[in-house]
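*Asks:* okay, structure incoming, though there's no sequence with it:
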């Protein structure tokens with residue numbers, strides 16, 4: 001392949017699922033992705049600190065539609081927007097609006113002005129969808145209406161809308177442990193770890209995203225270190241097309257460009 005073709009493919013936009021336990025530098029890694037970046041933040045306040053540390057931060061503002069946001073500008077160039085963080089929360093669970101506002105913002109945002117769109121996190125976004133589903137008229141006889149409706153709401157984006165997004169799309173999720181039964185369903189044979197999501201969707205998410213990484217803690221040389229896993233193992237679902245380096249220490253200095261260092265076209 002001619003060198004100029006390879007270079008044109010390097011660091012091309014892709015879709016990433018990054019999941020793991022709290023405190024394993026998922027957001028810290030995502031904050032290094034190409035700018036300008038838009039972040040849809042559904043986690044609690046202060047969990048946005050990795051993005052805020054990237055430059056000069058504005059005060060909170062509101063869009064004409066009432067969506068709370070902040071912006072982060074370059075320290076070197078005061079007019080250069082690096083990150084826009086939009087917040088989606090439901091402070092009144094009895095009258096949820098968070099998921100609808102998130103949908104509205106997707107429909108009205110020109111994503112072509114950004115190089116990266118991050119959703120931080122899927123886990124909290126699912127909570128917004130559940131609140132929205134619970135507010136719909138239903139009979140809660142079997143307990144499955146809310147999770148099923150929430151899954152349908154989320155699938156619309158994960159399986160359809162997101163497919164056409166041609167910028168870096170990063171979905172951050174937390175991790176859960178699943179029990180795997182033997183073929184005869186008599187005994188548990190293993191524990192596997194997957195993104196914390198509704199039912200079968202936890203497996204589907206790892207199939208949808210071409211770059212699926214897990215952040216985890218291991219004990220190495222007598223110390224606990226955070227590892228970035230990018231390839232599948234017996235315990236974790238992961239995959240990479242780049243290919244991103246596997247089982248590397250996720251230090252505070254590790255960033256987006258390090259994911260691409262093995263790329264050969």
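*Replies:* Alright, I've got the coordinates. Predicted, not measured: the structure shown is a model, and the values here were computed from it.

*Asks:* please count neighbours and contacts with C-alpha atoms only from this point.
*Replies:* Will do.

*Asks:* quick one, helices of the stretch 101-250 of the chain?
*Replies:* 122-134, 145-158, 201-208 (DSSP state H, counting those that start in this stretch).

*Asks:* need the pLDDT of residue 14.
*Replies:* You'll see residue 14 listed with a pLDDT of 95.

*Asks:* other SSEs contacting the lengthiest strand in the chain?
*Replies:* Selection of the longest strand in the chain by residue count, based on DSSP state E, yields strand 211-220. Of the remaining helices and strands, those touching strand 211-220 by 3 or more Cα pairs under 8 Å, 6 or more residues apart in numbering; DSSP states H and E are strand 15-20, strand 223-229.

*Asks:* now that strand and strand 15-20, what's the angle there?
*Replies:* Angle of strand 211-220 versus strand 15-20, following axes from the mean of the first three to the mean of the last three Cα atoms, to 10 degrees, is 30 degrees.

*Asks:* buried ones in strand 211-220?
*Replies:* Of the residues in strand 211-220, 211-217 count as buried by neighbour count, 16 or more other Cα atoms under 10 Å.

*Asks:* now do stretch 169-176
*Replies:* Counting neighbours by 16+ other Cα under 10 Å, one finds that the buried residues in stretch 169-176 are 169-175.

*Asks:* mind listing the strands for the stretch 1-150 of the chain?
*Replies:* Ranges of strands within the stretch 1-150 of the chain are 15-20, 37-41, 56-57, 61-62, 68-73, 81-87, 116-120, based on DSSP state E, counting those that start in this stretch.

*Asks:* re earlier: TSV please, covering the buried residues of stretch 169-176 and showing distance to residue 247.
*Replies:* Formatted as TSV, these follow (distance: Cα to Cα, whole Å):
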residue	distance to residue 247
169	22
170	20
171	20
172	18
173	19
174	18
175	17
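
*Asks:* can you list the residues you listed in TSV and add pLDDT?
*Replies:* Conversion of the buried residues of stretch 169-176 to TSV gives the following (pLDDT from 0 to 100):
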residue	pLDDT
169	98
170	98
171	98
172	98
173	96
174	94
175	92
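
*Asks:* next, give me the two most distant ones among the residues you listed.
*Replies:* For these, with distances taken as Cα to Cα, the pair at the greatest spread is 169 and 175 (19.1 Å).

*Asks:* re earlier: from the buried residues of stretch 169-176, which is closest to residue 126?
*Replies:* Distances from the buried residues of stretch 169-176 to residue 126 were compared by Cα to Cα; the smallest belongs to residue 173, at 10.1 Å.

*Asks:* contacts only, for that closest one.
*Replies:* With contacts defined as Cα atoms under 8 Å, 6 or more residues apart in numbering, residue 173 is in contact with 17-20, 120-123, 195-196.

*Asks:* who wins for most neighbours among those residues?
*Replies:* Greatest neighbour count in those, by other Cα atoms under 10 Å, goes to residue 19: 30 neighbours.

*Asks:* quick check: bridge partners of it?
*Replies:* Judged by DSSP bridges, the bridge partners of residue 19 are residue 173, residue 214.

*Asks:* how near is it to residue 96?
*Replies:* 26 Å (Cα to Cα, to the nearest Å).

*Asks:* ok, now residue 22?
*Replies:* Distance check for residue 22 against residue 96: by Cα to Cα, it reads 26 Å.

*Asks:* the two: which has the busier surroundings?
*Replies:* Between residue 22 and residue 96, counted using other Cα under 10 Å, residue 96 has the larger neighbour count: 20 against 13.

*Asks:* before we move on, back to that, nearest to residue 137, out of the helices and strands packed on strand 211-220?
*Replies:* Across the helices and strands packed on strand 211-220, residue 137 has its closest neighbour in strand 15-20 (32.8 Å, Cα to Cα).
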